[in-house]
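Trainee: Structure, please.
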Amino acid sequence: MLDMKFVRENPEIVRQNIRNKFQDAKLPLVDEVLELDIRNRTIKQEVEALRADRNKLSKQIGALMGQGKKEEAEAIKQQVNANADRVTTLSEEEKNVEERIKTIMMTIPNIIDPSVPIGKDDSENVEVQKYGEPVVPDFEIPYHTEIMERFNGIDLDSARKVAGNGFYYLMGDIARLHSAVISYARDFMIDRGFTYCVPPFMIRSDVVTGVMSFAEMDAMMYKIEGEDLYLIGTSEHSMIGKFIDTLNKEEDLPYTMTSYSPCFRKEKGAHGIEERGVYRIHQFEKQEMIVVCKPEDSKMWFDKLWQNTVDLFRSMDIPVRTLECCSGDLADLKVKSVDVEAWSPRQKKYFEVGSCSNLGDAQARRLRIRVSGPDGKYFAHTLNNTVAAPPRMLIAFLENNLNADGTVSIPKALQPYMGGMTAIK
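Mentor: Below is the predicted model of the structure:
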């Protein structure tokens with residue numbers, strides 16, 4: 001969410017940013033919020049003047065009553081009452097105006113970083129760098145669920161009967177591999193100095209609207225009927241929410257945390273909750289990383305975060321690449337984002353396995369996450385990134401470690417988490 005003062009002083013920058021994100025339908029909101037801002041300040045000035053006048057008139061009433069001038073005092077009392085009624089009317093209008101301003105300000109997108117490429121959607125994202133040599137073996141790579149089924153490691157049919165499409169049962173060595181990847185990702189981040197955390201898996205609506213846009217909320221979040229609670233779509237939501245309404249000492253920053261959670265997503269509008277696949281699903285588990293830092297440090301932390309994911313995948317012999325997300329592919333709160341994609345030997349292309357985002361002070365402004373420093377108080381910057389999110393990561397793992405004889409090699413880094421196994425047979 002932008003600062004109203006910034007919008008007031010830089011309306012054309014805000015409009016151009018909307019155009020850069022190909023959201024021209026939101027352009028009228030800029031003029032509307034500027035008009036509402038003027039009206040809001042006018043109301044405040046009038047209310048302040050009426051209250052000052054009330055104090056002045058109250059003193060006159062006391063003086064007149066002391067002089068026995070009751071009729072004159074009563075006339076002034078009527079004026080005081082009229083002013084009070086006017087204040088009540090204005091206060092109600094002020095409440096409505098401020099609510100509308102807040103709604104608009106939470107709809108206008110954040111100002112993107114100047115380095116973000118301009119493009120309409122993810123088809124115009126820009127490749128930054130490749131890590132590792134993508135290999136296409138001289139034998140056929142089956143569909144990922146076929147690989148799992150060979151080890152009796154997945155049951156989609158039973159899951160469909162129990163919960164519908166978008167769910168799964170993982171079993172045996174595949175289930176163990178799933179847990180091993182999560183545990184390895186956890187320890188990988190702890191070794192890099194991040195504090196491990198298991199957060200709440202449900203959050204209140206004020207946290208939801210603090211960490212994401214209305215469009216994201218509608219497309220992703222499951223609401224708990226009859227309660228002010230939502231199932232989290234990623235632990236970033238509750239991890240950033242941890243700092244709601246806090247004033248943090250500058251010397252305590254940055255906060256660097258890695259969190260585990262199940263994740264729940266409606267995947268509304270995603271054509272493709274596959275019946276036979278686990279690429280896009282309603283429920284999965286993830287290891288996440290988040291940073292709360294000073295504004296001048298957020299660029300440095302952004303580069304560190306996506307590099308962590310690259311290093312994790314490379315430690316398991318999985319080739320990856322990084323993509324700079326274009327303007328049209330950025331969610332409204334994001335300043336800049338890089339996707340990490342893993343190589344798929346079967347598809348002979350890369351696919352997304354993680355996303356690193358710098359949100360500037362957008363979440364901090366909404367959730368009132370402030371920092372106290374020598375020069376005063378200011379809003380923190382927040383960042384997040386996926387460490388590992390199986391079972392999607394399992395697709396990349398199984399395809400890149402499958403052997404011609406049907407076995408799946410276990411990279412050295414993961415072997416301790418698999419009881420010393422060197423291969424799944």
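
Trainee: What are the boundaries of the helices in the stretch 201-350 of the chain?
Mentor: Assigned by DSSP state H, counting those that start in this stretch, the helices in the stretch 201-350 of the chain fall at 205-211, 214-220, 235-241, 298-314.

Trainee: Of all the ones you listed, which one is nearest S327?
Mentor: helix 214-220 (15.5 Å; Cβ to Cβ). Where C-beta positions appear, they are placed from N, C-alpha and C, glycine not excepted.

Trainee: starting at the chain centroid, how far to that closest one?
Mentor: Computed by Cα atoms, centre = their mean, to the nearest Å, the chain-centroid distance of helix 214-220 equals 11 Å.

Trainee: Least reliable of the helices of the stretch 201-350 of the chain by average pLDDT, please.
Mentor: Of all the helices of the stretch 201-350 of the chain, the minimum mean pLDDT falls on helix 214-220 (a mean of 85).

Trainee: other SSEs contacting it?
Mentor: Packed against helix 214-220, as judged by 3 or more Cβ pairs under 8 Å, 6 or more residues apart in numbering; DSSP states H and E, are no other helices or strands.

Trainee: How about residues contacting that helix?
Mentor: 106-107, 208-209, 212, 233, 265-269, 331-332 (Cβ atoms under 8 Å, 6 or more residues apart in numbering).

Trainee: which of the residues you listed has the weakest pLDDT?
Mentor: Ranked by pLDDT, the contacts of helix 214-220 bottom out at G269 (54).

Trainee: rewinding a little: mind checking which of the contacts of helix 214-220 are buried?
Mentor: By neighbour count, with 16 or more other Cβ atoms under 10 Å, the contacts of helix 214-220 hold M106, T107, V208, T209, M212, G233, R265, K266, A331, D332 as buried.

Trainee: in the biggest helix by length in the chain, what's buried?
Mentor: What stands out as the longest helix in the chain, according to DSSP state H, is helix 27-66. In terms of neighbour count (16+ other Cβ under 10 Å), helix 27-66 has its buried residues at 29-30, 33-34, 36-37, 40, 43, 47, 50, 54, 61, 64.

Trainee: Closest to G419 out of these?
Mentor: Checking the buried residues of helix 27-66 against G419 by Cβ to Cβ gives L29 as the nearest, at 57.0 Å.

Trainee: residue contacts, that closest one?
Mentor: By Cβ under 8 Å, 6+ apart, the residues touching L29 are I104, T107, I108.

Trainee: Also R192?
Mentor: Going by Cβ under 8 Å, 6+ apart, R192 touches N308.

Trainee: Equivalent analysis for E98, please.
Mentor: So, once contact is read as Cβ under 8 Å, 6+ apart, E98 ends up touching N40.
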